[in-house]
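*Asks:* Predicted model and sequence below, questions to follow.
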Amino acid sequence: MRFLMQDQIDNFWRDGVLVVEDAVCAEDLADLRSVFGIWVEESRAHESDFGVTLDGRPRFDLQPGHSACSPGLRRVQSPEEVSDVYARVMRTAKTVDFCVDLIGPNIRFHHGKVNSKLPGTATQVKWHQDFPFQPMTNNDMVTCLLFIDDVTLDNGPLEVLPGTHKGPIHSHWHDGVFTGAVSNDIIEPKMHEIKKCTGKAGSVCLMHVNLLHGSAPNLSDQPRTLYITTYYAEDAIELSQNHLPSTLTHELVRGEASGRVRCTSYDMKLPAVPKATSFFAQQEGSDLN
């Protein structure tokens with residue numbers, strides 16, 4: 001049984017991105033929003049990043065300027081480890097079935113995170129590709145951005161350059177430092193091609209891991225929170241340390257294990273493992289110690 005129409009599949013492989021509505025039921029969406037709200041309230045009691053993940057880094061990432069009065073919880077690492085709701089959605093959402101239609105039938109979970117831009121926050125994501133953070137033996141990988149809130153043109157939507165997943169894997173290293181971003185010289189000539197990905201809460205944006213993308217700050221009075229999961233074809237094997245390791249990494253969420261490995265040809269420099277809470281610090285240049 002297919003969950004995507006053939007034209008949707010064709011559009012994904014043409015553009016490297018596809019927005020699909022109703023990836024989760026209303027109950028799951030409400031539960032996701034409720035749990036994140038609890039985390040935001042918890043963050044008010046902290047002045048710096050807090051919690052702990054499998055590799056010892058903080059789980060909850062607070063943006064600069066965070067305070068009890070104006071909380072700035074911008075990322076939750078591996079939320080599936082600490083929330084039954086997020087673990088359930090990671091395994092059962094239609095998102096996974098969409099990935100089967102694109103790269104299936106055997107699918108593993110790579111990592112998950114919540115990225116949030118609360119109203120008026122300055123957090124932006126510089127232009128990058130996901131694959132250089134997580135090289136595998138093949139790039140049949142999909143980053144899935146589930147909209148927990150309505151995503152509008154005003155609250156910092158994902159911005160993409162359609163078709164760039166077919167192009168080169170760009171360097172994210174500059175002057176010997178892994179910055180987690182590509183050079184502005186790559187993006188500036190393509191500014192007129194940028195597409196902004198919007199949609200109602202419960203939609204999912206499916207994105208190929210080689211697609212160039214970023215996002216602007218949320219300057220509206222509405223939140224923009226995403227639950228981001230990455231899935232990959234079961235016959236791919238990691239080639240570098242997972243930047244967001246969890247107890248659920250590599251869980252088989254659809255199909256069966258083949259016992260095989262498939263390799264495709266590419267060349268790139270391996271990424272640097274983040275020392276701080278998240279890649280935001282790498283992009284800000286504050287993850288260098």
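*Replies:* Structure received.

*Asks:* which residues does the closest residue to Val100 other than its chain neighbours bridge with?
*Replies:* Spatial nearest neighbour of Val100, chain neighbours left out: Arg254 (5.3 Å); criterion: C-beta to C-beta, 6 or more residues apart in numbering. (C-beta placed from N, C-alpha, C; glycine too.) Beta-bridge partners for Arg254, by DSSP bridges, are Ile107.

*Asks:* what number of residues lie near Arg254?
*Replies:* Counted by other C-beta atoms under 10 Å, the residues lying close to Arg254 total 17.

*Asks:* Tell me how far it lies from Asp101.
*Replies:* Taking C-beta to C-beta, to the nearest Å as the measure, Arg254 falls 11 Å from Asp101.

*Asks:* pLDDT below threshold where in this structure?
*Replies:* Low-confidence segments of the chain (pLDDT under 70): 278-289.

*Asks:* returning to what we had before: enumerate every residue touching the residue nearest to Val100.
*Replies:* 96-97, 99-100, 104-107 (C-beta atoms under 8 Å, 6 or more residues apart in numbering).

*Asks:* name the element Glu271 belongs to?
*Replies:* Residue 271: Pro, not Glu. Following DSSP states H and E, one finds Pro271 outside all helices and strands.

*Asks:* Do me a favour and get the backbone dihedrals for it.
*Replies:* The phi and psi torsions at Pro271 (degrees, to the nearest 10) take the values phi -80, psi 160.

*Asks:* from memory it sits against Ser240, does it?
*Replies:* Yes. Under the contact definition of C-beta atoms under 8 Å, Pro271 touches Ser240, with a separation of 6.1 Å.

*Asks:* Tell me which stretches of the chain form helices.
*Replies:* 6-15, 26-43, 84-92, 94-103, 184-187, 279-284 (DSSP state H).

*Asks:* re the thing from before, check the contact lists of Pro271 and Ser240 and give me the overlap.
*Replies:* With C-beta under 8 Å, 6+ apart as the test, Pro271 and Ser240 both reach 134-135.

*Asks:* Tell me which of those two has more neighbours.
*Replies:* Neighbours were counted for Pro271 and for Ser240 using other C-beta under 10 Å; Pro271 has more, 20 against 14.
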